[in-house]
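Colleague: Fold the following and give me the result.
(chains A and B)
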Amino acid sequence: MDHPSSPPSPAASSVLGSVAFGEPSGTSAESSLDSGLIDPTLGDDGRLSRWMGWRLRLLVVAALVGCVALLATARWLAAQPHIPADWRVGAQGEIELARADDPPLKAFEGKALVGLLNDSGQVAILDGLALQRSPRWIVRDAQRERHLDQHQQVAAVMGGNSVRLFFLGGRQVEMALQPRGLAQLGAMFWLLSAMSLTLYLVAMVVLLAKPSMRNLLYTVASLCQAGNLACMAVESTLQLGLPLGFLRADLPLRLAFDLVTGAAVVHAAFPAGRRRPGTHSRAWMAWAPALLLAVLGAVGALSGVWWWAQAGVTALGLAALGLLTWSYRREPHPFATVMRRFGVMTISTWVLLSIALAAGHRLPAVQQQLANIGPAIWYLFFASLLLLIPFMSKSQQVMREFSLLAAVSTIATSLDLLFVAVFSLGQFASVTLALFLSLGIYSGARQWILNQLLGSSVLTTERMFEKLYRMAREVETHPERASELLMQLLRELFDPMEAVVVEKATRGVRVAGDGSTLLVPVPQLPGHADALPVSVVLRFAHRGRRLFTSEDARLAERILEQLRRAVAFDKAVEQGRSEERLRIAQDLHDDIGARLLTLMYKAQSPEMEEYVRHTLQDLKTLTRGLAAPNHPLSHAAAEWKADLTQRLNAAHIELGWNLSFDRDVSLTVVQWSALTRVMRELASNVIAHANARRVDIEFHLLQDRLELTITDNGSGRNPQAWAHGLGLGGVRKRVKQLGGEVEWKEAGPVGIRCRVTIRQLSERR
Amino acid sequence: MQAAQTLTRPGMAIKVLIVEDNPVARSFLCRVVRESFSDTIAITEAGDLESARRHIGLPDKQKVEAATDPFKLILVDLELPDGNGMELLAELARYPATKIVTTLYSDDDHLFPALQCGADGYLLKEDRFEVLVEELQKIVRGQPPLSPAIARRLLGHFRQGAGGVSGLSEPGSSGFQSSRPMPLGRGAPLDHERLTPRESEVLTYLSKGFTIKEIANLMGIKWFTVNDHIKSIYKKLNVSSRAEAAVLASKQGLV
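Modeller: A predicted model of the protein is given here:
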């Protein structure tokens, strides 16, 4: 018997903390993101310490109470008088001795028991009905009364010291009565008790973790089911008679358990998020008929109480299903879908079970067996569903497989019982047929159901990787867009209904809000480390049809890791590149520069000297371009102006400079060096050939269109006839490199105008 | 062509030191110097830092206030076989000569630290002979060049709390911190660590590529007033960063 006496981890408690049946707890429909939902999940450092407080103590007390109650029940049952033998129902509805260890009794194995007589003369006449375990599951009222009567007789007979057993054919045997002892209680009793205790403890944990209306309802339903399981555990010890007090309480108790569970489920299925007036009062309306039915059934005012109970529970179940469907239509939440699926399974098996029992009245023995086994299986299934709900988003894989198996086995059993009851098939034939049918259903429906649960993956792996690396590149150039890009990627991956960036830190990727929410911290990327901590919050995966699971969280975690690595890798590559460029620039400058300088000083003619000087200046432009990755236009323009002014003034030429731009763009190395050299070349041309007194340079960059005109008032004419020397060819080449065009024209009466036009400067970077 | 400049009293040979490893460049610079000044000139040539120190009389990098017969003009190449010319500049912080950097590097990353180390101006070695003569005369006359890039650096330097190391350590050498206590107080910026509004304005215009003449027009002041502002800026930079510059130069061979 294991019971969680240690508190769950904070992460688990946040999931346990807000168990809901159909709706996000406390969500307002209008706000795109309820901060109330995220706040407690984002920063729950204080949770653990709170856990260690009164809640933990209460939980320990609750666990102790549960264990003590279980042990007390076991001791009480162990003290009951006992005949050491196993009984079964015979073909004609009589009691047969199935197995006995006592030598005198062993001789009677397979014989039918007629009655009991004790030494003080009290008699009990028994038939197979006495072996019916629960009065709750006896269909007809008359039989229930006879059942109670027989048990009263048995209780009276068992009051003595010894008992005489009469078998069919007048033979009898005398047995001494002795207390049963703990060892004789049977495995079934301990199993059901353990289940009951577990359910009880989970319910207490959920309630204590976060006392809220929904969790209270969950606890009520779970406690009722724990009670049902406990009753079944006690009933499983039945041999010839049950303790009379328990027997009297059984029907009202279990009736109440069933109906209260139903009412709690209906109440929880009400969409509480709306907070509309009247919602709560209407939710309470579900309780009235349920409680009324339970009370009437308990005092015996209803005839055909079994029918009432089955119909009542079915009605409540259908009401809950309807509410879930309605609320999902108004506000899609994955929990509603999942709960509806479970609800359909639960209700359909319940109805199937009821029909099988009702139809089995023609064969009392079969019906009795059905009444003993069928409900037990159904309650176990329902209890395990209840156990599963708080952990739903922890691992969808396990939950999926479990729910499938549970559903299939429940269907198989129900079918088996139905075949036996309705078609009077033999035990073996019905089991085989039921197994075949349910295996067929399982294998046929499994893929479909899994697809429904999983949803078709939005992104293929290949595309995802491509996106990831493209994003890494983008993030590198625009680190401030990291959160936006990450959100985009996650949106494509999980297709959530809402995705928001919040300025809060999250420790790792986490699933919150019962799997409705996924919190993803935006990684602190290298080079952008001073940014505020930011998280992406996704809600309602796959358009609200899926829950986020821990697998999803792990996937997101891995994506973040890959992204971090990709960015770091790109950064390292870029840094290596720029270091390499810098080194090359330095070497070029130092070695070739020094040699060119020497060459220039030693030049034989002024032309040669000028040529080398140009080469040297080109080299310097080249190396500067290599060393600095980009140049703001304003800075570059200032240098162009200063450089041109100095050079033109040295040649006694006046410079008119007119610069305008609508955006201070950052020029790339190529753009900067091309424009620098074009301008220098054109100025050199004017100085060398034009014989001008003034040069006017207009530089305009408007809406990505660059226009550069250089007008001189020199003696140059007829540019079409110019020899295309190295200089002009170079200008053409550089302008073409930038995706523009250049033309020379005669300007007015004297001089030449050179016009460079680049339509889209940013196109070629 | 300007009239030849007088460096000192007539009749006395003035001493010029040229530190340059390339012999062709050295003789070229000699020609430039001789062309620039009308005085009798005694040029001392040095091929590396070591011999330069010997000529100046700096035994083992020990700073001296002034030798008996000091050099009036020192041209230092930045790239020398046994070190960086900036080291020498830093050592000569108190030496009363006009110190000029001759270099192939025209970018502010190289020139700005040199100016901080106490250079009074710079000459670009690839310029034409006439240009160099003119520039040299201007520097000696007190009209140092100020390119837009260097003006930008100066603005940044003084904006970031003058005298701070930040001006030096940006952008190439990051995280450099002077451990030596500043001799000039670190509290509120002193006068020589702060630019006047006029000086800031001049610098801003310079950083945008305007010439001195244009700036004079724009500000409605005389040409030589603008020049005075530039000289004053040079001096402030010199004073404010001499201490750090010395540390920087000795710690880093090359910036």
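
Colleague: Tell me the residues of the stretch 101-250 of chain B that contact chain A?
Modeller: By C-beta under 8 Å from any C-beta of the partner chain, the residues of the stretch 101-250 of chain B that approach chain A are B:104-107, B:125-126, B:128, B:130-131, B:134, B:147-149, B:152, B:207-211. To be clear about C-beta, it is placed using only N, CA and C from the backbone, and glycine gets the same treatment.

Colleague: from those residues, which ones fall inside helices?
Modeller: Applying DSSP state H to those, the entries found in helices are B:Glu130, B:Val131, B:Glu134, B:Pro148, B:Ala149, B:Arg152, B:Ser207.

Colleague: Widest-spaced pair of the residues you listed?
Modeller: Of all pairs drawn from these, the one with the largest separation by C-beta to C-beta is B:Glu130 and B:Arg152; the distance is 28.4 Å.

Colleague: neighbour count winner among these two?
Modeller: Shown here are B:Glu130 and B:Arg152; by other C-beta atoms under 10 Å in any protein chain shown, B:Arg152 has more neighbours (21 against 12).

Colleague: Surely that one and B:Ser207 touch.
Modeller: Yes: with contact taken as C-beta atoms under 8 Å, B:Arg152 and B:Ser207 are classed as touching, separated by 4.4 Å.

Colleague: In CSV: the ones in helices among the residues of the stretch 101-250 of chain B next to chain A, plus pLDDT.
Modeller: Below are these laid out as CSV (pLDDT from 0 to 100):
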residue, pLDDT
B:Glu130, 85
B:Val131, 85
B:Glu134, 87
B:Pro148, 83
B:Ala149, 82
B:Arg152, 84
B:Ser207, 87
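
Colleague: Once you drop chain neighbours, what's closest to A:Arg732?
Modeller: The shortest distance from A:Arg732 to any non-neighbouring residue, by C-beta to C-beta, 6 or more residues apart in numbering or on different chains, is to A:Val742 (5.9 Å).

Colleague: Please report the distance of the one you found from chain B.
Modeller: Remark: distance between A:Val742 and chain B (C-beta to the nearest C-beta, to the nearest Å) = 23 Å.

Colleague: Mind telling me what element that residue is part of?
Modeller: A:Val742 is part of strand A:741-746, with elements assigned from DSSP states H and E.

Colleague: residues of that strand that come out buried?
Modeller: Along strand A:741-746, the positions that meet the burial threshold by neighbour count (16 or more other C-beta atoms under 10 Å in any protein chain shown) are A:Val742, A:Trp744.

Colleague: Repeat that for stretch A:72-89.
Modeller: For stretch A:72-89, burial by neighbour count (16+ other C-beta under 10 Å) applies to A:Thr73, A:Ala74, A:Leu77, A:Ala78, A:Gln80, A:Pro81, A:His82, A:Ile83, A:Pro84, A:Ala85, A:Trp87, A:Val89.

Colleague: before we move on, the earlier item: only the buried subset of the ones in helices among the residues of the stretch 101-250 of chain B next to chain A, as a PyMOL command please.
Modeller: Taking 16+ other C-beta under 10 Å as the burial criterion, the selection of buried members of these in PyMOL is written as:
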select buried, chain B and resi 131+134+148+149+152+207
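
Colleague: Nearest residue to A:Arg554 in space, please, no chain neighbours.
Modeller: Using C-beta to C-beta, 6+ apart and skipping the chain neighbours, the partner closest in space to A:Arg554 is A:Val509 (7.6 Å).

Colleague: hang on, the earlier thing: just name the closest of the ones in helices among the residues of the stretch 101-250 of chain B next to chain A to A:Asp416, please.
Modeller: Of all those, A:Asp416 sits closest to B:Arg152, with 89.2 Å by C-beta to C-beta.

Colleague: Please enumerate the strands of the stretch 501-650 of chain A.
Modeller: Under the criterion DSSP state E, counting those that start in this stretch, the stretch 501-650 of chain A carries strands at the ranges A:510-512, A:517-521, A:535-539, A:630-632.

Colleague: try the stretch 1-150 of chain B
Modeller: Using DSSP E, counting those that start in this stretch, the strands of the stretch 1-150 of chain B run over B:14-19, B:41-46, B:73-77, B:79-80, B:83-84, B:98-103, B:121-124.

Colleague: Highest mean neighbour count out of those strands?
Modeller: Compared across the strands of the stretch 1-150 of chain B, strand B:73-77 shows the largest average neighbour count, a mean of 26 (mean count of other C-beta atoms under 10 Å in any protein chain shown).

Colleague: my guess is A:Gln152 contacts A:Leu244, does it?
Modeller: Yes: under the contact definition of C-beta under 8 Å, A:Gln152 touches A:Leu244, with a separation of 6.4 Å.

Colleague: which residues of chain B score low on pLDDT?
Modeller: Scanning chain B for pLDDT under 70 picks out B:1-12, B:58-68, B:160-193, B:239-255.

Colleague: about what we covered before: show me what secondary structure element comes after the strand holding A:Val742.
Modeller: The C-terminal neighbour of strand A:741-746 among helices and strands, as given by DSSP H and E, is strand A:752-758.

Colleague: For that next one, C-alpha coordinates in PDB please.
Modeller: Taking Å, rounded to 0.1, in the frame of the first residue of the first chain, the C-alpha atoms of strand A:752-758 are listed here in PDB:
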ATOM      1  CA  ILE A 752      30.400  67.800 -68.000                       C
ATOM      2  CA  ARG A 753      27.700  66.300 -65.800                       C
ATOM      3  CA  CYS A 754      28.100  62.800 -64.600                       C
ATOM      4  CA  ARG A 755      25.000  61.200 -63.200                       C
ATOM      5  CA  VAL A 756      25.000  58.000 -61.100                       C
ATOM      6  CA  THR A 757      21.600  56.500 -60.400                       C
ATOM      7  CA  ILE A 758      20.900  53.500 -58.200                       C
END
